[in-house]
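# Here is my input; please provide its structure:
(2 chains)
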Amino acid sequence: MDKLLKKSNFIEAVIWLAISLFVIIYGAGLHHGDSLALSPALFPVLTGTFMLLLSFILIKKSIKQEANKPQDIYWLKIIFVMVSTIIYIILLPIISFIGATMLYLALMIYLLGEKDLLILGAVAVGTAGLTYYIFGVLLNVRLP
Amino acid sequence: MIDLQFVLLVLAGSLAGLLIGAMPGLSVTMATALLVSVTYTWQLTDAIAAIMGVYVVGVFSGAISAILINIPGAPSSVATTLDGFPMAQKGQARQALFLATIYSFVGTLIGFLALWLTAKPISAIALRFSPFDYFLLALFGLTAAGSITSKSFTKGMLCAALGVLISLVGIDPIVGTPRFAFGVTQLKGGIQLVAALIGLFGFSEILIQVGDKNTSSVTAELDKHKPNLRQTLKHMPLAMTSGIIGTLIGALPGAGGPVASLVSYDVARRRIKNPEVPFGEGAEEGIVASETANNACIGGALIPMLTLAIPGDAVTAVILAVFYVHGIKPGPFMLTENPEIFNTILIGGIIGCFAMLILGLTVAPQLARIVQIPKKLLLPVVAVLCVVGTYAVNTSMFDVYVMIAFGLIGYLMRLRGYPTAPMVLGMVLGQLMDSNFRRAISLSQSGSSIITGPITIILLIMVTASIFMSIKSTEKK
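As a prediction, the model looks like this:
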């Protein structure tokens, strides 16, 4: 387990290395013969080079350092929140703000552990309505 | 300019700040970012009024849940839990809240006094900055943020560099060609700062709370004892020191309330050898040090933001966005070209300060139930607010997707020990660094020296010292 965790630090450092190399190569491609001082490539290449040096330091540290302790996380809940929020955003222009928001809130509250349907319904409907009224009507904010 | 509407908006913002700051899972930064979109069509003075109310009272009200349920409502109240909750457990919750209120008030006044006294002199110096000086100042800000906010200088600087790269997405301001847009039309307009901030501080916090397996919380009972004013006021000398520490740390880019309160707490612990109650077991001095410093930080953070356009913390980074949205450019010219804005911020902050005093003495003790709203009900509501707030800025669903992406990035960063403050600072300062650096190089190619005077030399020394000391201190860790 320790080796695996240490490996995750190493993988993380390699990802930074890959990002730096990408930035340098992409950045260099922005230069089209204009003066170097005014070139849009200058700062991205410099920043990418700086990141490259830091990546090497991180790689060296990841080989030497102790592994981090494993973290106890509800990964399934995280994935659920991400997916349901993206679906919510997709549904917003399709079934209106209030409809999409009520559905999203009901689903999220249920799957985060609230089993009392009365509370679930009250919070979902109440929040959707209140948000619409406060932002859309009172504060005149454009809602999705 | 300052009329009844202005005062009422500060009070409304103060009330909102009280509720938001007290609830773990909601942050003042997120609330301020949401306010950017809500106040988009408002007059700038009205927007500032609401934001200053939220900012000043929101920072203080993190102490409420820190004292009552041992969970800081805001990161800057972490140090307050160390002695606030033990005091509450001993039946002294009211005294603890009273201390937090009084000394947050004192700290805020110290910070705003420093802002009032130093803004003009600093602006006068900044008017003499060359492009290379601005670049060095921004670089100093990033290196300071990279080391202060992280145990690893390398990770801090990688985050800062990533922030700079994100700021470069869009059309190059000098030549006009797209950078890092990858053919996506919406990216040619750049990454919306407010969307990124709501993602980093709002949505990522939701993911942190959802993923956290530790859901237990214990509430201390609110006692009926009247707070002791004489006992409270004897800590004023300590408050003066803590206020100065908070103001100075607030002025350092990226540092902010959490650093200020912890440093101040540590200094108090070392200086006061024989407190009546030991630190960590309910020492009043612990609350005084933490709360004075984290509120003094507000004025401190506004100093570089207003005079140099370099935010002192995440909230001032958002306030910068408010200015840009309203077409105002903070910096050394602002005090001469728009002095009324500086005065508006000062007055808004002072009114917010008095609102905090009143709300802290009357309403705050009654918030015990509200701070315990279950996460399963609160977090989905916060997610909806994140979507609404992000969309409202540009009415762009693309920005909402950006917000989600930054929420995930922010969550992974926090999980892997990467600080978000340097990245935010990089995003705010990146364009400034890019354009000033290229201007400096261009000027040097046409014969001017890159080192234009003593200011450049001082800044070079500061940057070098900051990098050297950061590497040294992280090697020790």
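# Any stretches of chain A with poor pLDDT?
A:1-6, A:34, A:66-71 (pLDDT under 70).
# which residue packs closest to the spatially most central residue of it, ignoring adjacent ones?
Ranked by distance to the mean C-alpha position of chain A (Cα atoms, centre = their mean), the top residue is A:Met82 at 8.9 Å. Nearest in space to A:Met82, with sequence neighbours left out and distances taken as Cβ to Cβ, 6 or more residues apart in numbering or on different chains, is B:Leu408 at 6.6 Å. In this view, the C-beta of every residue, glycine as well, is placed from N, C-alpha and C.
# and the one you found, how many neighbours?
15 (other Cβ atoms under 10 Å in any protein chain shown).
# if I pick it, what's in contact with it?
Residues near B:Leu408 by Cβ atoms under 8 Å, 6 or more residues apart in numbering or on different chains: A:Met82, B:Gly199, B:Phe203, B:Ser204, B:Leu207.
# Burial check on the second one, number of neighbours?
Other residues within reach of B:Gly199, judged by other Cβ under 10 Å, total 28.
# That one is in contact with B:Gly407, isn't it?
Yes. If you go by Cβ atoms under 8 Å, B:Gly199 and B:Gly407 touch, sitting 4.1 Å apart.
# list the residues that contact both of these two?
Among the neighbours of B:Gly199, those also in contact with B:Gly407 (Cβ under 8 Å, 6+ apart) are B:Cys386.
# thinking again about what came up before, can you tell me the element the residue nearest to A:Met82 falls in?
helix B:397-415 (DSSP states H and E).
# Also B:Ala50?
Following DSSP H and E, the helix or strand that holds B:Ala50 is helix B:44-69.
# And the residue of the stretch 1-150 of chain B that's closest to chain A?
B:Val38 (5.4 Å; Cβ to the nearest Cβ).
# Same check on the stretch 51-200 of chain B?
Of the residues in the stretch 51-200 of chain B, the one nearest chain A is B:Asp172, at a distance of 4.0 Å by Cβ to the nearest Cβ.
# Phi, psi for that residue please.
phi -60, psi 130 (degrees, to the nearest 10).
# does the longest helix along chain A come close to chain B?
Ranked by number of residues, the top helix in chain A under DSSP state H is helix A:2-28. Yes. Using Cβ under 8 Å from any Cβ of the partner chain, helix A:2-28 reaches chain B at A:Glu12, A:Trp16, A:Ile19, A:Val23, A:Tyr26.
# Which elements pack onto that helix?
helix A:42-64, helix B:153-167 (3 or more Cβ pairs under 8 Å, 6 or more residues apart in numbering or on different chains; DSSP states H and E).
# Which stretch among those helices is buried most, on average?
Neighbour counts (mean count of other Cβ atoms under 10 Å in any protein chain shown) averaged over each of the helices and strands packed on helix A:2-28 peak at helix B:153-167, with a mean of 26.
# for it, packing partners?
Packed next to helix B:153-167, using 3+ Cβ pairs under 8 Å, 6+ apart, are helix A:2-28, helix A:42-64, helix B:131-148, helix B:421-445, helix B:454-476.
# what's the most buried one of the ones you listed?
helix B:131-148 (a mean of 25).
# Could I get the average pLDDT for that helix?
For helix B:131-148, mean pLDDT is 83.
# go on, stretch B:408-417?
91.
# buried ones in it?
B:Ile409, B:Gly410, B:Tyr411, B:Met413, B:Arg414, B:Leu415 (16 or more other Cβ atoms under 10 Å in any protein chain shown).
# and chain A, which of these reach it?
B:Tyr411, B:Leu415.
# B:Tyr265: which of the buried residues of stretch B:408-417 is nearest?
B:Arg414 (22.4 Å; Cβ to Cβ).
# mind checking how far the closest one is from chain A?
Here the criterion is Cβ to the nearest Cβ, to the nearest Å. By it, B:Arg414 lies 11 Å from chain A.
# That residue contacts B:Ile208, doesn't it?
Yes. Counting by Cβ under 8 Å, B:Arg414 touches B:Ile208, with 6.3 Å between them.
# Show the backbone phi and psi for A:Asp143.
Asp isn't right for residue A:143; it's Leu. According to degrees, to the nearest 10, A:Leu143 has phi -100, psi 150.
# so for the longest helix anywhere in chain B, what's the average pLDDT?
Identified as the longest helix of chain B according to DSSP H is helix B:93-126. What helix B:93-126 shows for mean pLDDT is 92.
# ok, B:Leu162 - contacts?
Applying Cβ under 8 Å, 6+ apart to B:Leu162 gives the contacts A:Ile19, A:Met51, B:Met423, B:Gly426.
# ok, the third one to B:Ser167 distance?
In other words, B:Met423. 10 Å (Cβ to Cβ, to the nearest Å).
# Could you do the first one as well?
Distance, A:Ile19 to B:Ser167, using Cβ to Cβ: 16 Å.
# try the second one
Using Cβ to Cβ, one obtains 14 Å as the distance from A:Met51 to B:Ser167.
# Over to B:Gln372?
Note on B:Gln372: its distance to B:Ser167, by Cβ to Cβ, is 40 Å.
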